[in-house]
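# Give me a 3D structure for the following:
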Amino acid sequence: MEVTKILVSLSFVVIISVWAASGTTTKYYTYEEDAPGTFIGNLSMDLNIDPSEDPNTSFRFMQEGNSSLIQMRKSDGVLTVAERIDRESLCQRSPQCLIAADVVVFTKEKFDLIHIEIHVRDINDHAPLFPRDETQLEISEDVSVGARFPLEVASDLDVGANYIQSYQLLHNSHFGIEVRSGEDGEKVAQLVLVKELDRELEDAYTLLVTASDGGSPPKSGSVTVHVKILDSNDNSPQFEHSSLKVELQEDAPVGFLLVKVQAFDPDHGVNGEVRYDFAEGVSEEIKSTFDIDPISGAVTIKTMVDFETRKTYELNIQAHDLGANSAPSACVVIVDVVDVNDNAPEIKIKPMTSTSEEMAYITEAAAVESFVALISTTDRDSGANGYVRLSLHGHDHFRLQQAYGDTFMIVTTAALDREKISEYNLTVVAEDLGSPPFKTFMQYTIRVKDENDNHPQFSKPVYEISVMENKAPGSYITSLVARDPDEGANGKVTYKLVEDEVEGVLLSSFLSVDSASGTLYAIRPFDYENVKQIEVAIQATDGGSPPLSSTALVKVRVVDENDNAPFITHPILINGSADVLLPYNAPAGYIALRVKARDMDDGVNAELSYSITEDKLMLFSVNKNSGEVVLKHNLMQEHGDVLELNVAVSDHGRTPLSCTGSIRFVVSDLQPLEEQIVVILETSEEKNELVWSDEASLIVIVLLGVGCATLLVAIVMVALSRRNVPRGGSISKMECGSTGYFKKSQLPSHSIDSSDSHSFSGGSTTVTEQISSSRDDSSFSYEEEHSRDSDNKVFQPLFNKASFEPVAIWQGDRYTLQMSGIRSTDQTSVKDSGKGDSDCNDSDSDASGEANRKMTTTSYQRANSLFHPGPMDGAYRTREIPTHASSAHVGNG
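Purely as a prediction, here's the structure:
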């Protein structure tokens with residue numbers, strides 16, 4: 001039997017519509033009282049959905065109201081009976097009994113709606129039943145043949161063929177039975193008199209009436225009717241019509257006169273007084289809704305009727321007179337309730353993923369045309385009054401689409417993005433076609449559920465950070481922030497360091513990152529000399545499923561700190577000292593040693609300066625930039641065989657570090673090397689630097705010159721007016737030209753006296769050119785003005801090399817070659833020009849004094865950075881070597 005039912009169920013599967021976003025209605029059939037677990041249908045098979053194509057395919061009820069009767073498998077949509085179904089308790093006497101449910105199918109990133117209708121078929125599990133087992137009926141003996149007498153209606157909870165199909169009256173010659181169908185489909189039985197009655201022959205009858213249904217096998221119920229024959233009353237009341245049909249507007253007020261029935265009785269007196277009443281067996285519902293006046297027969301309304309509750313009523317009215325043995329007559333009044341547009345449309349929304357009718361949820365990953373919510377409208381009116389038009393307003397990302405019958409669904413029209421719009425407020429409008437029409441408005445909210453569709457984003461792909469070396473372990477370096485616009489776990493970002501190696505060492509031994517905040521910390525101190533830059537990748541990952549991530553590159557540039565002292569690389573020191581050979585006849589200006597040093601730091605921290613810390617004989621000076629140690633005087637026997645010198649090398653860091661070395665010059669019989677005897681010429685670049693060192697002040701000087709032009713002209717005019725006045729006095733031997741002032745002086749041939757400083761700079765130079773066959777003290781050089789209270793002499797050229805010419809001068813017993821920068825000037829004149837103090841040839845002129853002061857200032861400013869070679873023996877020749885600019889520094893040697 002069960003197998004037969006399953007086959008029958010499968011054979012009656014009906015699929016309406018096409019499988020599409022517009023919705024599908026699928027019908028199945030089952031029987032009431034089937035055992036739990038009985039198979040009903042398979043949605044995935046019937047709708048050609050293959051769950052293997054998409055492992056995420058799922059079926060579920062939109063609402064769990066029917067889950068107690070029907071069970072559905074989530075993976076493939078197999079429907080089975082959950083518990084025994086009683087059709088009579090579920091649908092009463094409705095001709096059709098169905099279980100309707102809406103199923104949401106999620107497949108291929110899309111939500112679709114399936115409407116299922118499970119028709120519950122009736123089985124004959126109820127027999128016909130009369131209200132009472134016995135009933136009484138009184139009939140006058142003179143009633144005419146063909147008279148009908150209503151019987152109590154039998155009930156049967158089954159429907160269709162299992163409902164009452166016939167009534168039988170057993171073995172009676174005077175009465176027959178007639179069956180008719182009422183307005184609501186009920187089978188109503190009436191006794192019919194088929195033979196005249198004679199009270200004198202028989203005054204009572206017992207009738208057995210049986211009601212049978214059409215089930216297989218059929219079931220039946222019976223009632224015993226006791227008929228009593230009354231003595232004749234000449235005339236009985238007679239209705240004008242045995243049946244009437246009237247219409248009643250459902251908005252008719254209480255007390256409204258529905259109809260007035262009338263029966264006539266030709267008798268006089270009490271035998272002719274007619275009274276009206278509802279016939280025996282009329283339901284309490286009719287008695288509570290309608291009222292009949294017993295004298296006039298007026299039928300009025302007790303309570304208002306509702307078309308939507310009941311559309312028709314059948315009133316059985318009887319009339320009888322007040323005489324003895326009165327025989328009642330019957331009249332049937334059929335009342336049809338007429339609908340009035342008195343109900344506004346009702347809107348019911350069933351969201352796909354929410355229990356609230358005012359809000360629905362949909363994931364932002366839903367595809368276009370995805371189902372969101374189901375909207376059904378009802379109007380209890382009928383006809384045009386009950387026809388409803390539905391519309392949706394609020395946003396064009398959603399629209400209405402018919403699902404089945406008068407039910408619509410809200411579907412998406414575009415891809416959704418929660419990060420742009422997280423909530424939609426829509427308005428559903430339902431309007432009927434009544435006159436006037438009723439409108440119903442309903443606000444509806446759709447919230448977009450977050451999906452992990454956004455990667456964490458750093459503000460930039462590459463971060464460049466500078467960090468001082470020697471930072472303490474655990475020191476803060478920087479903070480990185482990656483933002484994820486998703487919400488909840490999808491937007492919670494964690495950070496981690498992508499492991500790699502730097503110089504063969506794992507990155508995690510240098511840096512660490514806080515997983516929650518993205519803060520980068522140092523694990524150990526950085527050493528610039530070993531690692532100058534660390535490139536580390538930081539990965540930001542969200543908490544979604546699956547998680548999404550992004551990476552930023554952090555370039556940590558280690559900044560050098562002056563943490564390394566310089567060390568001397570040449571000469572090689574043993575226990576802090578070194579021995580260096582020095583020729584016994586080394587002249588002044590001889591490079592005795594080139595000290596070389598290195599500093600492991602970088603930049604300014606590695607720029608080195610050289611100095612002499614101890615020189616007891618005051619024989620040496622050192623170039624602070626190059627480290628060249630030079631003799632200031634000719635080496636003589638009285639200086640000894642061993643000359644000791646302490647040299648210091650310091651860097652230019654903010655806190656300078658230094659090292660020292662002790663140099664022991666051992667005098668040997670070696671000959672001095674020619675390339676170590678130097679005369680340094682000033683480079684044109686340095687000259688230009690000197691000339692234009694005050695370029696920033698040139699504008700100011702020009703402005704001041706223009707302002708003083710008038711005053712200068714006046715001074716010159718005054719000076720010219722007094723030029724004829726003779727002036728006395730002797731002057732030293734001078735030359736005046738357009739470029740400067742010079743005076744000749746004799747220099748000692750055995751030394752260079754340039755103050756007691758031990759250092760010199762190659763940035764400024766002195767030019768001395770000598771041609772001599774033997775040492776003497778009669779040679780000349782150019783000398784700028786020197787201080788009166790100091791014997792120190794400072795040498796500074798005022799012209800470039802091209803401006804000087806050799807001049808032969810007789811020195812008593814020989815000629816000496818002297819460099820002259822002025823070709824046309826009389827160098828031997830010592831006379832007053834006679835032109836006053838303003839003449840440039842006048843040794844007493846103001847201009848001459850000012851020029852000397854300027855030259856003195858310039859000379860003393862450059863004194864500490866000059867290289868001073870002394871006179872040399874005629875056996876040796878000098879050579880010219882350009883030096884570094886004064887602003888240059890010596891790096892690691």
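# now for whichever strand or helix holds residue 332, which elements pack on it?
According to DSSP states H and E, residue 332 maps onto strand 329-338. Counting contacts by 3 or more C-beta pairs under 8 Å, 6 or more residues apart in numbering; DSSP states H and E, strand 329-338 is packed against strand 148-150, strand 238-239, strand 243-249, strand 257-260, strand 312-321. C-beta here means a position set from N, CA and C on the backbone, and glycine is covered the same way.
# Save those as JSON lines, and put in mean neighbour count too.
Compiled in JSON lines, the helices and strands packed on strand 329-338 are given as follows (neighbours: other C-beta atoms under 10 Å):
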{"stretch": "strand 148-150", "mean neighbour count": "17"}
{"stretch": "strand 238-239", "mean neighbour count": "18"}
{"stretch": "strand 243-249", "mean neighbour count": "14"}
{"stretch": "strand 257-260", "mean neighbour count": "16"}
{"stretch": "strand 312-321", "mean neighbour count": "20"}
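# now the ones you listed in TSV, with mean pLDDT and distance to residue 341?
Below are those laid out as TSV (pLDDT from 0 to 100; distance: least, C-beta to C-beta, whole Å):
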stretch	mean pLDDT	distance to residue 341
strand 148-150	83	37
strand 238-239	84	36
strand 243-249	90	11
strand 257-260	92	22
strand 312-321	88	20
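# Now render the ones you listed as TSV, adding distance to residue 658.
Output for those, formatted as TSV (distance: least, C-beta to C-beta, whole Å):
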stretch	distance to residue 658
strand 148-150	134
strand 238-239	140
strand 243-249	119
strand 257-260	127
strand 312-321	121
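# Residue 34 is nearest to which of the ones you listed?
Of all these, strand 312-321 sits nearest to residue 34, with 34.9 Å by C-beta to C-beta.
# partners of that closest one in the sheet?
Here strand 312-321 is paired, per DSSP bridges, with strand 274-278 (antiparallel), strand 329-338 (antiparallel).
# which residues pair with residue 467 across the strands?
Residue 467 has the following beta-bridge partners by DSSP bridges: residue 558.
# State the distance from it to residue 130.
For residue 467, the distance to residue 130 equals 103 Å [C-beta to C-beta, to the nearest Å].
# go on, residue 435?
Look at residue 435 and residue 130: by C-beta to C-beta, they are 47 Å apart.
# higher neighbour count, the two?
residue 130 (21 against 8; other C-beta atoms under 10 Å).
# Tell me who's in contact with that one.
Residue 130 sits next to 152, 154-155, 209, 211, 221-223 when contact means C-beta atoms under 8 Å, 6 or more residues apart in numbering.
# one more time with 6 Å
When contacts are counted by C-beta atoms under 6 Å, 6 or more residues apart in numbering, residue 130 touches 152, 154, 221, 223.
# tell me, how many neighbours does the second one end up with?
So that's residue 154. Residue 154: 25 surrounding residues under other C-beta under 10 Å.
# same deal with the first one?
Counted with other C-beta under 10 Å, the burial measure for residue 152 works out to 16 neighbours.
# just the last one next, same as before
Using other C-beta under 10 Å, residue 223 has 22 other residues around it.
# repeat for the third one
The burial metric for residue 221, expressed as a neighbour count using other C-beta under 10 Å, is 19.
# In a helix, it, correct?
No. Counting by DSSP: H, G, I helix; E, B strand; the rest coil, residue 221 is not found in a helix; it is strand.
# Look up how far residue 93 lies from it.
16 Å.
# biggest helix in this protein by residues?
Longest helix in the chain, counting residues (DSSP state H): helix 698-721.
# pLDDT of it, averaged?
For helix 698-721, mean pLDDT rounds to 81.
# Tell me where the model's unsure across the stretch 351-500 of the chain.
Residue ranges of the stretch 351-500 of the chain with pLDDT under 70: 354-357.
# Let me see the ranges of the strands in it.
Along the stretch 351-500 of the chain, counting by DSSP state E, counting those that start in this stretch, strands occupy 359-363, 371-378, 388-393, 398-404, 407-412, 423-432, 439-449, 457-458, 462-468, 476-479, 482-483, 493-498.
# And these: which comes nearest residue 262?
Closest approach to residue 262 among the strands of the stretch 351-500 of the chain (C-beta to C-beta): strand 423-432, 40.8 Å.
# Give the buried residues for that closest one.
Within strand 423-432, the residues scored as buried using 16 or more other C-beta atoms under 10 Å are 424, 426, 428, 430-432.
# What of stretch 257-274?
Neighbour-count burial for stretch 257-274 flags 258-259, 261-263, 265, 267, 271, 273-274 (criterion: 16+ other C-beta under 10 Å).
# rewinding a little: which one of the strands of the stretch 351-500 of the chain lies closest to residue 199?
Nearest to residue 199, of the strands of the stretch 351-500 of the chain and by C-beta to C-beta, is strand 371-378 at 59.1 Å.
# ok now that closest one, how far from the chain's centre?
33 Å (C-alpha atoms, centre = their mean, to the nearest Å).
# What about residue 618, how many residues nearby?
11.
# same deal with residue 381?
Residues within reach of residue 381, counting by other C-beta under 10 Å, total 24.
# In contact with it, which residues are there?
339, 341, 343.
# Check the contact between the first one and residue 306; I expect there is one.
Meaning residue 339. No. In this structure, residue 339 is not within contact of residue 306 by C-beta atoms under 6 Å, at 9.7 Å.
# Neighbour count for these two, which is higher?
A direct count of neighbours by other C-beta under 10 Å for residue 339 and residue 306 places residue 339 higher, at 21 against 15.
# Can you give me the distance of the more buried one to residue 390?
Relative to residue 390, and taking C-beta to C-beta, residue 339 is found at 21 Å.
# Check the residue located most distally from the centre of the chain and give its pLDDT.
Most distant residue from the mean C-alpha position of the chain: residue 200, 105.4 Å away (C-alpha atoms, centre = their mean). Predicted confidence (pLDDT) for residue 200: 80.
# So it: helix, strand or coil?
coil.
# before we move on, the earlier item: what's the closest of the buried residues of stretch 257-274 to residue 707?
Comparing those against residue 707 with C-beta to C-beta places residue 258 closest, at 126.9 Å.
# which ones are touching the closest one?
The contact partners of residue 258, taken as C-beta under 6 Å, 6+ apart, are residue 299.
# 8 Å instead?
Residue 258 makes contact with 246, 248, 290, 299-301, 333, 335 under the criterion C-beta under 8 Å, 6+ apart.
# likewise residue 45?
Residues near residue 45 by C-beta under 8 Å, 6+ apart: residue 76.
# quick check, it in a helix?
Yes. The assignment for residue 45 is a helix, going by three-state DSSP.
# Show the model's pLDDT score for it.
The model reports residue 45 with a pLDDT of 90.
# just the helices in the stretch 51-200 of the chain please.
Ranges of helices within the stretch 51-200 of the chain are 87-91, based on DSSP state H, counting those that start in this stretch.
# which stretches of it have low pLDDT?
Ranges of the stretch 51-200 of the chain meeting pLDDT under 70: 64-67, 183-184.
# For it, which segments count as strands?
58-61, 70-72, 78-81, 98-107, 110-121, 134-140, 148-150, 164-169, 175-181, 187-193.
# Of these, flag the one that's most buried.
Mean neighbours per residue, mean count of other C-beta atoms under 10 Å, is largest over these for strand 110-121, with a mean of 22.
# That one versus strand 407-412: what angle between them?
Angle of strand 110-121 versus strand 407-412, following axes from the mean of the first three to the mean of the last three C-alpha atoms, to 10 degrees, is 160 degrees.
# Tell me which other helices or strands strand 110-121 touches.
Identification of packing neighbours for strand 110-121 by 3+ C-beta pairs under 8 Å, 6+ apart yields strand 24-31, helix 87-91, strand 98-107, strand 371-378, strand 398-404.
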